[in-house]
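K.L.:
Have a look; sequence and predicted model below, questions after that.
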Amino acid sequence: MSLKIMVVDDEPKVKQLMRSLATPLGHTVLPFGDYQAAGQRGETQRFDVAFVGMRWPELGGLELARRMRNSQPNRETIIIMLTATDDIPSLRKAFGEGADLVLAKPVPADRLRRMLAAMDLPEWKGRRHAARLPLFTEVTCTWNEWQFPLRSLNISESGMLLQPAIAAEVGQEVALEFKIADVRASLNVLARIIRKEGERVGMEFVGLAPEDQNAIQLYVTGHLEVRTPREPLNLGTRRLFSP
């Protein structure tokens, strides 16, 4: 499957990088250096993916993302905002205008390459939220003012698998603090215990903040096992954390 990719950014090297990565894979890259042209094209022509610089000079990247998301051709387009800062207010604004992901510049070429490989597969669009990937990191669990040191085994957008188990019962909520070093993120989230099996406990996230959701999405996207353009993604047939 060939992707049609829009790239709108005021840094030429961003467009050059995207072309160098996507063109050899058979994708079509349409770079824009004029905000009016990008806005008009985004309202009339369908794109599979749009990389939009948040700090666009005249027409803000946020406004461009909103125009694309509200247009008939691009309601389902994957919109990835590129920002020079990773501050939380900007990230929340990006999600509010319809962004699917937010990447802080400079974006590593390897991460972009993996994202393109994942989005090129038919399974990606409908099932990316079900992907779960190994994540081994220390987790501080707080329950009833008690703190427990745990370790994660895997993570998805819906929750985590941790060990060892704690005394709290299924259905109870706890606070989890952990880091995802790969995307340089520190998360402090609420979770609900939905499964206990021996020394393992399954947690379902409760009301993830946009910045935490973005960090998890970036991690999952960057670690999907994509060997060739036609081999299946490492996606489960069901959510590990379903009740």
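P.N.:
Looks like it came in fine. Numbering: from 1, shown residues only.
K.L.:
distance between the ends of stretch 67-76?
P.N.:
With C-alpha to C-alpha, to the nearest Å applied, stretch 67-76 spans 13 Å between its terminal residues.
K.L.:
List the buried residues in it.
P.N.:
Within stretch 67-76, the residues that count as buried by 16 or more other C-beta atoms under 10 Å are 67-69, 71, 74. Just so you know, the C-beta spots here come from the backbone N, C-alpha and C atoms, and that holds for glycine as well.
K.L.:
next one: it to chain centre, how far?
P.N.:
Its chain's average C-alpha position is 19 Å from that of stretch 67-76, according to C-alpha atoms, centre = their mean, to the nearest Å.
K.L.:
neighbouring contacts of that stretch?
P.N.:
Where contact means C-beta atoms under 8 Å, 6 or more residues apart in numbering, the residues beyond stretch 67-76 that reach it are 39, 42-47, 50, 52, 77, 79, 97-98, 125.
K.L.:
those strands in this structure, which residues are they?
P.N.:
4-8, 28-32, 49-53, 78-83, 101-104, 132-134, 138-143, 146-156, 159-163, 173-180, 185-197, 200-206 (DSSP state E).
K.L.:
I'd like those written out as a markdown table, with mean neighbour count and distance to residue 214 added.
P.N.:
As requested, the strands of the chain are exported to a markdown table (neighbours: other C-beta atoms under 10 Å; distance: least, C-beta to C-beta, whole Å):
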| stretch | mean neighbour count | distance to residue 214 |
| --- | --- | --- |
| strand 4-8 | 23 | 20 |
| strand 28-32 | 18 | 24 |
| strand 49-53 | 25 | 15 |
| strand 78-83 | 23 | 10 |
| strand 101-104 | 20 | 5 |
| strand 132-134 | 16 | 16 |
| strand 138-143 | 16 | 19 |
| strand 146-156 | 17 | 14 |
| strand 159-163 | 23 | 16 |
| strand 173-180 | 17 | 11 |
| strand 185-197 | 17 | 8 |
| strand 200-206 | 20 | 13 |
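K.L.:
In a markdown table, list those strands along with mean pLDDT and distance to residue 22.
P.N.:
Conversion of the strands of the chain to a markdown table gives the following (pLDDT from 0 to 100; distance: least, C-beta to C-beta, whole Å):
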| stretch | mean pLDDT | distance to residue 22 |
| --- | --- | --- |
| strand 4-8 | 94 | 6 |
| strand 28-32 | 93 | 5 |
| strand 49-53 | 92 | 9 |
| strand 78-83 | 90 | 13 |
| strand 101-104 | 89 | 15 |
| strand 132-134 | 87 | 24 |
| strand 138-143 | 96 | 36 |
| strand 146-156 | 95 | 27 |
| strand 159-163 | 96 | 33 |
| strand 173-180 | 97 | 26 |
| strand 185-197 | 95 | 26 |
| strand 200-206 | 96 | 32 |
